[in-house]
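1. Dropping a prediction and its sequence here:
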Amino acid sequence: GLLRPALAQPAPVDLALVLAVDCSSSIDDREFALQRSGYARAFADPRLGRAIAGGTQGAIAVTLTQWAGPFEQVQTIGWRLIRDEDGTADFAARVAAMPRQLTASATSISGAIDHARTLLDRSGFAAGRRVIDVSGDGMNNTGRFAEFARDEAVAAGIVINGLPILTDDANLDDYYTDFV
């Protein structure tokens with residue numbers, strides 16, 4: 001018979017994480033820098049590397065995507081397998097140096113969630129937990145309703161963390177709690 005190549009088994013990780021950074025037109029340079037520096041500082045903290053190393057699999061997979069309108073997303077930093085402090089420091093440096101790739105469009109949180117789900121599905125990792133961190137400074141104002149995308153992601157076993165930027169709308173945290 002014919003020999004078939006074995007299919008590669010997905011690498012096991014404790015967590016597959018998509019960082020979804022708002023780059024819609026309402027995000028000014030200061031707000032983009034806030035998102036970028038927040039993630040860079042979090043990954044630069046040596047405690048994170050130690051926590052990852054101490055997990056069941058001792059590894060996580062993480063990627064960063066920039067988003068704006070319903071069909072405007074750019075996976076700016078591809079999937080990275082992180083096992084320790086060196087890995088978190090490398091990812092932090094990549095985030096800190098990351099340029100903005102989207103600048104003008106509406107705000108589609110639903111598009112960001114749908115895109116992040118696709119990234120998770122195609123990650124090549126077998127994750128114990130799948131999480132999307134969505135940061136942004138405004139409500140979903142284009143594309144389908146954010147709660148529809150959220151509900152489908154949650155039904156697929158994905159956790160969504162909403163990280164609202166409260167510079168333009170002091171009540172955005174309530175919107176994120178209710179709809180994201």
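-> Noted; the coordinates are in hand.
2. Show me which residues of the lengthiest helix in the chain are buried.
-> The longest helix of the chain (DSSP state H) is helix 29-44. By neighbour count on 16 or more other Cβ atoms under 10 Å, the buried set for helix 29-44 is 31, 32, 34, 35, 36, 38, 39, 40, 42, 43, 44. In this view, the C-beta of every residue, glycine as well, is placed from N, C-alpha and C.
3. Could you tell me which residues make contact with residue 86?
-> residue 49 (Cβ atoms under 8 Å, 6 or more residues apart in numbering).
4. secondary structure element for residue 128?
-> strand 125-136 (DSSP states H and E).
5. which parts of that strand are buried?
-> For strand 125-136, by 16+ other Cβ under 10 Å, it's 125, 127, 130, 131, 132, 133, 134, 135, 136.
6. just stretch 154-168 next, same as before
-> In terms of neighbour count (16+ other Cβ under 10 Å), stretch 154-168 has its buried residues at 158, 160, 162, 163, 164, 165.
7. can you check stretch 146-156 too?
-> With burial defined by 16+ other Cβ under 10 Å, the residues of stretch 146-156 counted as buried are 146, 149, 150, 153.
8. can I assume the last one is in contact with residue 113?
-> Yes: using Cβ atoms under 8 Å, residue 153 makes contact with residue 113 at a distance of 5.5 Å.
9. Next, show the common contact partners of the two.
-> Common contacts of residue 153 and residue 113 (Cβ under 8 Å, 6+ apart): 132, 160.
10. ok, back up a step: narrow the buried residues of stretch 146-156 to those in helices?
-> Among the buried residues of stretch 146-156, the members falling in helices (DSSP H) are 146, 149, 150, 153.
11. Between the residues you listed, which sits nearest residue 179?
-> residue 146 (4.7 Å; Cβ to Cβ).
12. from what I can see residue 61 touches residue 126, true?
-> No: taking Cβ under 8 Å as the definition, residue 61 is not a contact partner of residue 126, at 9.6 Å.
13. Need the overlap of contacts for the two.
-> With Cβ under 8 Å, 6+ apart, residue 61 and residue 126 have common neighbours 11, 13.
14. Skipping its backbone neighbours, what lies nearest the spatially most central residue of the chain in space?
-> Centroid check for the chain by Cα atoms, centre = their mean gives residue 19 as the closest residue, at 1.8 Å. For residue 19, ignoring the flanking residues on the chain, the nearest one in space by Cβ to Cβ, 6 or more residues apart in numbering is residue 64 at 4.4 Å.
15. before we move on, the earlier item: looking at the buried residues of stretch 146-156, spot the one nearest residue 95.
-> For the buried residues of stretch 146-156, the nearest to residue 95 is residue 153 (23.0 Å; Cβ to Cβ).
16. residues contacting that closest one?
-> Residues near residue 153 by Cβ under 8 Å, 6+ apart: 113, 116, 117, 132, 160.
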